[in-house]
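Engineer: take this sequence and fold it.
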Amino acid sequence: MKNHCVIKLNEIPVEGRNYIYNRKTAELNVALQDLIKNNPFDVVLDIKPLNTKDFTITGSVITKTQEQCSRCAEDFDFVINKKINEILIPSQEDDRTGKYAKTSGVLTTADSAETSFSVSEYTKQQFDLGEFIHEAIAIEVPFNPYCSICKKLNNDDIFVYDEQMGEEVKPNPFLALKAVKLSSKI
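Structural biologist: Purely as a prediction, here's the structure:
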């Protein structure tokens, strides 16, 4: 059974509402369990309405995931420090005749090239915050994570283990002929 942390967007006042989640508040513990195991987390969000249907979510997610280094196979905690800048819009029709077109999902503000907003959809005035935070953490984990020791290695260097492997001895094809005796009966 999936544990949801659903925010009712129609109950958010005009000035917005702050949300703080961590291990002690426990609302997101089940939703994040598969990613962060028993690591602590801090989620601080501010949700404000832009108009009657659109909302902004700003804040941060700080936690650690348990990963295995793709170079040395050591287990380590991968630190996540994610800034959240999201615009929530109502779910649109998927039909091509719908009046809204889907975009790539990233908007950049005119006043700052560093501030970009992603776009997410909600349905029935409800937003599943547990699923949203789960995805925000999961997307931060690289495909090939490196531990801090392997990260210090220069990427141009050849990575080798200290373990000496035995050389493969190639059989001499002429050794089989040594056992063959020729008989000369002419």
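Engineer: okay, and the helix or strand of this structure with the least pLDDT?
Structural biologist: strand 106-108 (a mean of 45; mean pLDDT, DSSP states H and E).
Engineer: next SSE downstream of that strand?
Structural biologist: Remark: after strand 106-108, the chain's next helix or strand is strand 116-122, criterion DSSP states H and E.
Engineer: quick one: distance of the helix or strand harbouring K151 to the chain centre.
Structural biologist: In this structure, K151 is located in helix 148-152 according to DSSP H and E. Centre-to-centre, helix 148-152 and its host chain are 20 Å apart (Cα atoms, centre = their mean, to the nearest Å).
Engineer: what's R23 in contact with, if anything?
Structural biologist: N29, P40, F41 (Cβ atoms under 8 Å, 6 or more residues apart in numbering). C-beta: built from backbone N, CA, C; applies to glycine.
Engineer: how about a cut-off of 6 Å?
Structural biologist: P40 (Cβ atoms under 6 Å, 6 or more residues apart in numbering).
Engineer: kindly report the same for the one 5 residues further on.
Structural biologist: Counting by Cβ under 6 Å, 6+ apart, L28 touches C5, Y21, G130.
Engineer: so which of the residues you listed sit within strands?
Structural biologist: Counting by DSSP state E, those place Y21 in strands.
Engineer: can I get the longest strand seen in the chain in CSV, CA atoms only?
Structural biologist: Criterion DSSP E: the longest strand present in the chain is strand 75-90. As requested, the backbone C-alpha atoms of strand 75-90 are provided in CSV (Å, rounded to 0.1, in the frame of the first residue of the first chain):
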residue,chain,number,x,y,z
ASP,A,75,28.7,1.4,-0.1
PHE,A,76,28.4,5.1,0.7
ASP,A,77,25.9,7.8,1.5
PHE,A,78,25.2,10.1,-1.5
VAL,A,79,24.3,13.6,-0.2
ILE,A,80,21.2,15.2,-1.8
ASN,A,81,20.8,19.0,-1.5
LYS,A,82,18.0,19.8,-3.9
LYS,A,83,16.5,23.2,-4.5
ILE,A,84,12.8,23.1,-5.4
ASN,A,85,11.4,25.6,-7.9
GLU,A,86,8.1,24.2,-9.3
ILE,A,87,5.0,25.5,-10.9
LEU,A,88,1.9,23.4,-10.4
ILE,A,89,-0.8,23.5,-13.1
PRO,A,90,-4.0,21.6,-13.4
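Engineer: strand partners of that strand, parallel vs antiparallel please.
Structural biologist: With DSSP bridges as the test, strand 75-90 is paired with strand 55-68 (antiparallel), strand 116-122 (parallel).
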